[in-house]
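Undergrad: okay, predicted coordinates and the sequence, questions at the end:
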Amino acid sequence: MANTEYEISRELDLDALVHLENMFVEFGREDGMAAGERNGAIEGRVMGCEKGFELSREVGYYAGCAQLWKVLAQQDPARISEKSLKKINSLLDLIESFPRQNQLDDDVVALLDRIRGRFKTVASALQTTERYVDAPKSKMFY
């Protein structure tokens, strides 16, 4: 009978160890999830700032070129045609519509593609080889 009590006691100890192990696994999983959420939020903010800077730099480049071309057109109307000036103003309007703050309902990628296309059209009309050097070969986001 003593053997049976020993075996029952041993089974209880084994059950307690298995439960303890499962409990530690669950605690570890919860701690890992919390750490992942914190790190993911920080990583997401950093990446968002980097992408925002890249977008702003590119749009700023296009704006600077368009503003310069507009000033040149005003100073020397014979140099830039009225048709080209309308294209420049159209480019400036697109750039002005580019959001300055993060908004979920704005399609920033499509607007940036339109700005790029309009910039190429204006540069071609002015017969200049001006282009944004750091512009990606394909779309920035997928």
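TA: Arrived safely, thanks for sending.

Undergrad: gap between residue 134 and residue 48?
TA: Computed with CB to CB, to the nearest Å, the distance linking residue 134 and residue 48 is 18 Å. From N, CA and C alone the C-beta is placed, and that goes for glycine too.

Undergrad: what pLDDT does the residue nearest the centre of the chain get?
TA: Closest to where the C-alpha atoms of the chain average out (CA atoms, centre = their mean) is residue 51, at 4.3 Å. As predicted, residue 51 sits at a pLDDT of 87.

Undergrad: so it is in which element?
TA: helix 2-75 (DSSP states H and E).

Undergrad: who are the packing partners of that helix?
TA: For helix 2-75, the elements it packs on are helix 82-97, helix 108-125, judged by 3 or more CB pairs under 8 Å, 6 or more residues apart in numbering; DSSP states H and E.

Undergrad: could you redo the last one with a cut-off of 6 Å?
TA: In terms of contacts (3 or more CB pairs under 6 Å, 6 or more residues apart in numbering; DSSP states H and E), helix 2-75 is packed against helix 82-97.
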